[in-house]
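Student: Here's my sequence, what's the structure:
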Amino acid sequence: MSQALRSAKERALQIVEKASRVRIQDARDNIGARTAGRQLKKGHNQMGHTQGALERAAKPPLGWIWGDFFRPWQRMYPGEKLFNADINTRREYIPLSLVELARLIDLGWINPRLPIDVSTLCATQKFQINPKIRQYGFDLTEEGADSFPYPIDIEVQYATQSAIAAVEKAGGRVRTAYYDVESLEAAVNPKAWFEKGRVVPRRKTPPASLIEYYMDAKNRGYLCEETEIEKERQLSADVRGYELTETLKITSALKSIDQVFHGIPSGCVVSLADRKVFAPKNEVHREYYSSQRSDKLYS
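Tutor: The predicted structure is shown next:
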């Protein structure tokens with residue numbers, strides 16, 4: 001046994017004596033221990049990225065075909081006009097149901113004896129409107145029209161016929177009015193607008209696509225005559241079968257067609273620190289912001 005061990009040690013020593021020195025070049029893996037990375041095809045390998053990098057990379061938006069960023073799907077097939085055709089131009093209106101409006105009045109967030117407009121609704125901090133992403137106001141929906149009890153004076157940007165009839169049945173008044181981006185930005189957050197010392201803007205004319213809507217008395221547009229609106233109110237009451245109140249319980253003057261806030265004319269500067277409203281004294285400014293000038297534009 002000892003002779004066998006001695007012979008094994010001798011053979012090991014002989015192998016070490018005949019072997020070369022251990023070098024860094026010799027400290028490598030055995031053949032087949034490591035494999036090279038997957039080689040991509042020429043069409044798949046963009047800018048030399050690996051397959052995993054391509055799978056985790058940012059993908060084009062919906063409607064674009066991979067590899068062709070300049071011809072989206074809706075451009076390759078122009079016959080499908082409803083496929084994101086107006087995604088960059090369409091206006092968004094925040095839905096406001098009569099149920100939600102009644103709940104805000106019940107909880108004391110809104111005073112039904114005062115006029116309700118965009119500033120009043122945004123002051124509750126229950127809604128968020130961002131004019132920079134094409135949100136243009138509120139859409140009054142008919143949910144809860146059968147049990148809406150409050151005679152309110154509300155101004156929204158869009159309203160259904162059932163919602164208008166429900167408010168008028170309760171003795172209220174509805175007006176649909178357009179706000180441009182600058183006016184809506186001031187109406188959404190009046191405090192921030194006044195703290196910057198900015199002038200109360202004038203509401204601009206609606207675009208050509210909305211002129212017809214706001215001039216229609218059926219929609220209670222703010223560009224209509226009061227006589228036409230009274231006829232439509234009476235017609236709606238006759239069709240739907242309810243008695244129309246002669247006098248509204250809310251005694252508040254309607255805003256002019258270019259006015260943003262109730263009681264604050266356009267062109268004024270509001271100082272929250274002094275609690276004062278400064279009207280323009282320059283004749284050019286007074287003429288520009290006067291309601292007579294705007295009446296002439298719409299006449």
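Student: What about Ile24, how many residues nearby?
Tutor: 6 (other Cβ atoms under 10 Å). All C-beta atoms are positioned from the backbone trio N, CA, C, and that covers glycine.
Student: go on, the one 10 residues further on?
Tutor: Residue neighbour count, defined by other Cβ under 10 Å, stands at 8 for Arg34.
Student: helix or strand for it, which one?
Tutor: Secondary structure from DSSP states H and E places Arg34 outside every helix and strand.
Student: Now do the longest helix along the chain, average pLDDT.
Tutor: For the chain, the longest helix by residue count, based on DSSP state H, is helix 2-18. Across helix 2-18, pLDDT averages out at 76.
Student: Show me what it is in contact with.
Tutor: Residues outside helix 2-18 that contact it (Cβ atoms under 8 Å, 6 or more residues apart in numbering): none.
Student: Of all the residues in that helix, which ones are buried?
Tutor: Neighbour counts over helix 2-18 (16 or more other Cβ atoms under 10 Å) mark no residue as buried.
Student: tell me how far that helix is from the chain's mean position?
Tutor: 85 Å (Cα atoms, centre = their mean, to the nearest Å).
Student: Next: stretch 171-178.
Tutor: With Cα atoms, centre = their mean, you get 22 Å for stretch 171-178.
Student: Output it as PDB, nothing but the C-alphas.
Tutor: Coordinates of each C-alpha in stretch 171-178 appear next as PDB, following Å, rounded to 0.1, in the frame of the first residue of the first chain:
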ATOM      1  CA  GLY A 171     -87.400  76.600 -11.600                       C
ATOM      2  CA  GLY A 172     -83.800  77.100 -12.600                       C
ATOM      3  CA  ARG A 173     -81.900  78.500 -15.600                       C
ATOM      4  CA  VAL A 174     -79.300  77.000 -17.900                       C
ATOM      5  CA  ARG A 175     -76.900  78.700 -20.200                       C
ATOM      6  CA  THR A 176     -74.200  77.100 -22.400                       C
ATOM      7  CA  ALA A 177     -71.200  79.400 -22.900                       C
ATOM      8  CA  TYR A 178     -67.800  79.000 -24.600                       C
END
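Student: who touches it?
Tutor: 136, 140, 150-159, 163-164, 167-168, 203, 206, 210, 213-214, 219-222, 245, 248-250, 254-255, 257.
Student: out of these, which are inside helices?
Tutor: 163-164, 167-168, 210, 213-214.
Student: ok, of those residues, which one's closest to Pro112?
Tutor: Val167 (11.0 Å; Cβ to Cβ).
Student: check contacts around the closest one.
Tutor: 98, 140, 148, 152, 154, 173-174.
Student: Then Trp193?
Tutor: Contacts of Trp193 (Cβ under 8 Å, 6+ apart): 185-186, 200.
Student: Just among those, which is most surrounded?
Tutor: Ranking the contacts of Trp193 using other Cβ under 10 Å puts Ala186 first, with 24 neighbours.
Student: Now do it against Glu225, distance only.
Tutor: Ala186 sits 27 Å away from Glu225, going by Cβ to Cβ, to the nearest Å.
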